[in-house]
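J.: just to be clear, the model below is a prediction. Sequence and coordinates:
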Amino acid sequence: MTMGDREPTPPSGALAAGRHRATALRQRMGMTPRAFTAAVGLPIACAIVIVATLVVAPPEERWMIFWASLVAVASGLSATAIGVYGGVLVPGLLLLGVDPRFAAAASLFLQVLVIPLGAGAHYRLGNVSRHVAVPLIVGGMAGAFVGPFFAAALPEDIITRLVAGVIVGVGVLVLATLHWGGLGSVLPMDEVSQVRVGGVGLTAGFASGVSGAGWGPIGVKLLILLRIEPRQAIGSSLVGRVFMAAAAVVGFVLSARLADEIDIHYWLLIPMFAGSVAAMVPGAFMVSRLGREKATIGITLLSISLALPTLIWG
């Protein structure tokens, strides 16, 4: 037998056993090979990014980068599980002493990067109504653009408590309305008031522009209260969120130039993005294991518990 005809060396016993355990775990989790690879490989790659950032960052920034990355992981889990991102990220950053205006801006900036994936999926499934999405976008962009200027005009201690109050209020709203999907019959789309939908966008956009959170819980719940079919409410709100978050980011950039005292933590952006992305696939698995209602309750209670200390003590 020549060297070119030599049979490949079979995997060692340890390697074969490892592959067998990985296959058994994937099958037990009900995941495809590609999804399982993403669930394992993506967090590892993101962890490498976070560690690299910790290595090159100034020593005084490293503790905040580490804890902010953990907060981002929790936010990514909740975003994939129940669509709540800023409601976990913002109060976690406030506890770390981050300027609330920067925390809100970072939340919205990261949403601009990750939300289009979910919005595109809903659009392909036919869950986006132009009759709802257009006025929602118009109202949401207006409210989100004004919100940062309102936040920048207030003293930091006041805006910190205001942001924490919004987070707690949104959490209570979510817990109180878990079963609002059955409020009467769904209206035909041509009977839905576009003026009211625009008002929903204005309200939810302003709350998000001030605090970086609230678009999903406030906007979606109010749309359902208008008797819009829940799938259309969720899909249309995701499309609207992309435009709303982009408008809010522009507002934050302009307001930051007018208020030089805003403390911007540039070192946090990349590791927070990596932490958020790392948790996306595990978040979907968490929902499949716990169920959406249990995941919603758990994440909402986490959000409230993170925001309450800031609301009470500042």
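T.: The structure has been received and is ready for your questions. Numbering: from 1, shown residues only.

J.: can you give me the pLDDT of the nearest residue to L175 once chain neighbours are set aside?
T.: Of all residues not flanking L175 in the chain, T300 sits nearest, at 5.6 Å (CB to CB, 6 or more residues apart in numbering). C-beta here means a position set from N, CA and C on the backbone, and glycine is covered the same way. With respect to pLDDT, T300 has a value of 79.

J.: is it true that T300 touches G171?
T.: Yes. Between T300 and G171 there is a contact at 4.8 Å, judged by CB atoms under 8 Å.

J.: now for the two: what residues contact both?
T.: G87 (CB atoms under 8 Å, 6 or more residues apart in numbering).

J.: more crowded one of these two?
T.: Regarding T300 and G171, a neighbour count based on other CB atoms under 10 Å identifies G171 as having more, with 26 against 23.

J.: how far away is I304 from D157?
T.: Shown here: I304 relative to D157, a distance of 21 Å by CB to CB, to the nearest Å.

J.: same drill for these two, tell me which one is more crowded.
T.: Counting neighbours by other CB under 10 Å for I304 and for D157 shows that I304 has the greater number, 21 against 10.

J.: need the contact list for the more buried one.
T.: Listed by CB under 8 Å, 6+ apart, the contact partners of I304 are I167, V168, G171, V172.

J.: just put the residues you listed in a markdown table and tack on secondary structure and distance to A279.
T.: As requested, the contacts of I304 are arranged in a markdown table below (DSSP: H, G, I helix; E, B strand; the rest coil; distance: CB to CB, whole Å):
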| residue | secondary structure | distance to A279 |
| --- | --- | --- |
| I167 | helix | 19 |
| V168 | helix | 23 |
| G171 | helix | 20 |
| V172 | helix | 25 |
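
J.: out of those, who's the most crowded?
T.: So for the contacts of I304 (other CB under 10 Å), the most neighbours sit at I167, 29 neighbours.

J.: is it correct that that one is in contact with P91?
T.: Yes. Because the distance of 5.0 Å satisfies CB under 8 Å, I167 is recorded as touching P91.

J.: shared neighbours of the two, anything?
T.: Common contacts of I167 and P91, defined by CB under 8 Å, 6+ apart, comprise S303, L306, A307.

J.: the first one: how many residues sit nearby?
T.: When you say that, I think you mean S303. Burial of S303, expressed as a neighbour count using other CB under 10 Å, amounts to 28.

J.: again with the last one
T.: As a burial measure, A307 scores 29 neighbours (other CB under 10 Å).

J.: which ones are touching it?
T.: Residues in contact with A307, defined by CB under 8 Å, 6+ apart, are V90, P91, L94, A164, G165, I167, V168, G171.

J.: list the helices and strands the helix or strand hosting the second one packs on?
T.: Going back to what we said before, that points to P91. In this assignment (DSSP states H and E), P91 forms part of helix 86-95. Contact partners of helix 86-95 among helices and strands, from 3 or more CB pairs under 8 Å, 6 or more residues apart in numbering; DSSP states H and E: helix 62-82, helix 100-124, helix 156-176, helix 194-211, helix 292-313.

J.: now the last one against helix 100-124, angle please.
T.: The reference is to helix 292-313. When axes from the mean of the first three to the mean of the last three CA atoms, to 10 degrees is applied, the directions of helix 292-313 and helix 100-124 differ by 160 degrees.

J.: again, but for the third one
T.: Helix 156-176 and helix 100-124 are oriented at 30 degrees to each other (the same axes, to 10 degrees).

J.: now do the buried residues in helix 156-176.
T.: Applying a neighbour-count criterion of 16 or more other CB atoms under 10 Å, one finds 156, 159-164, 166-171, 173-174 buried in helix 156-176.

J.: could you do the first one as well?
T.: Judged by neighbour count (16+ other CB under 10 Å), helix 62-82 contains these buried residues: 64-65, 68-69, 71-82.

J.: which pair of the contacts of A307 spans the longest distance?
T.: Of all pairs drawn from the contacts of A307, the widest gap by CB to CB lies between L94 and G171 and measures 14.0 Å.

J.: tell me, how many residues neighbour the closest residue to R227 other than its chain neighbours?
T.: Closest residue to R227 in three dimensions, ignoring its sequence neighbours and counting by CB to CB, 6+ apart: L187, at 4.5 Å. Per other CB under 10 Å, the neighbour tally for L187 reads 13.

J.: can I assume L187 is in contact with I224?
T.: No. Using CB under 8 Å, L187 and I224 do not qualify as a contacting pair, with a distance of 11.1 Å.

J.: from what I see, L95 and P309 are in contact.
T.: Yes. Under the criterion of CB under 8 Å, L95 is in contact with P309, at a separation of 6.5 Å.
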